[in-house]
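1. My questions are about this predicted structure, shown below with the sequence.
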Amino acid sequence: MPQGFQEQAESVTSKFASPPSLPEWLQEELPYQRRIFQNDGHEIHFIDEGTGPAVLLQHGNPTWCFLWRKVIRILLRQNVRVVAPDLVGLGLSDKPRDAKIHTLSFHADRIGALAKALGLQNVTIVGQDWGGPILGLVAARNREMVQGAVFANTSLIAPHRRVRATAFHRFSNVPLLSDFAFRVLNFPIPVMHLVQGDRSSIGAKERRAYRYPLRSFKDRIAPLALARMVPTRLEHPTVQPLEEVNDWAGKFTGPVRLVWGIRDPIMGRALRSMRRLFPKAEVVETDAGHFLQEEVPDVLSEAILQVVSEQRQK
């Protein structure tokens, strides 16, 4: 049992439950200790494995903790504790039918509650895609908890001028057509490989794994809702919590690494603005695409361990 988990579990027994079983082919890929955290009427599935300094890994849209499996395997060799939650609506977490619950604040508050229930301290946060701003907001609202950060192919920027949405996010806001694509065709899972530097990095096996939690039509609310969380105008409800994230980033003094897949057609260009947000951060550019956990887990893991090491030396 991970360090500190037993003590926390005893004081909040009602908040933790056994995880759902996995088919054998998935269990082989995720042979880690898993739990369910019950908070405010929602259930969050998460991996919690290892002992040592805590690393909080947060995926984005439309993935789940399966995305981090290669990184987790590497990190566990170095005596760290890895916590990897599934966002509400994705993975093996519960899947509410109301799309309106999906806001940046909602997800940050759920992940923050999990971190507190587990007693996490001196945490290194690692966020990719929506995992970046979600953990950024967790850090902004729990400043004493986070001591280091790694961000990969994400954006924590609050827009201040005209918003330039990507083609993916413009499509996500097209009525009916986007609903059909996301709900009926399970978009974007069938085409995830197209945003990779090496398209073979997400093959049939990987797509099967990403499709598994969303195999039922009724469970496909979150991917479109998360896509529509991206600001498309200055009045968008996501802008205000992003301002909180910007304020935290400007004042954060812990070590930061930016690891980027420059062949990502969605977030590849966001590196420029992230450099401005974290001017002292060390930057590693790779030839990977959007889901760089699948392509360069070793590079990402090295950056995480560097941040953990810097905290150990303090």
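-> It's in. Every value quoted in this text rests on a predicted model; they were computed, and no experiment measured them.

2. where does the chain have its least confident helix or strand?
-> Scoring the helices and strands of the chain by mean pLDDT, DSSP states H and E places helix 5-11 at the bottom, with a mean of 43.

3. Name the next helix or strand following that one along the chain.
-> Next along the chain after helix 5-11, taking DSSP states H and E as the criterion, comes strand 16-17.

4. In terms of secondary structure, what does that following strand contact?
-> strand 34-39 (3 or more C-beta pairs under 8 Å, 6 or more residues apart in numbering; DSSP states H and E). (C-beta placed from N, C-alpha, C; glycine too.)

5. so the next helix or strand after the strand it packs on versus strand 34-39, what angle?
-> Moving toward the C-terminus from strand 34-39, the next helix or strand (DSSP H and E) is strand 42-49. For strand 42-49 against strand 34-39, the angle by axes from the mean of the first three to the mean of the last three C-alpha atoms, to 10 degrees is 140 degrees.

6. ok, which stretches of the chain are strands?
-> All strands of the chain, identified by DSSP state E, fall at 16-17, 34-39, 42-49, 54-58, 81-85, 123-128, 146-152, 256-261, 282-286.

7. Need those in JSON lines (columns: distance to W25).
-> Listed next are the strands of the chain as JSON lines, based on distance: least, C-beta to C-beta, whole Å:
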{"stretch": "strand 16-17", "distance to W25": "24"}
{"stretch": "strand 34-39", "distance to W25": "16"}
{"stretch": "strand 42-49", "distance to W25": "17"}
{"stretch": "strand 54-58", "distance to W25": "22"}
{"stretch": "strand 81-85", "distance to W25": "19"}
{"stretch": "strand 123-128", "distance to W25": "24"}
{"stretch": "strand 146-152", "distance to W25": "27"}
{"stretch": "strand 256-261", "distance to W25": "27"}
{"stretch": "strand 282-286", "distance to W25": "29"}
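
8. thinking P96 is in contact with I221, fair?
-> Yes: judged on C-beta atoms under 8 Å, P96 makes contact with I221 at a distance of 6.9 Å.
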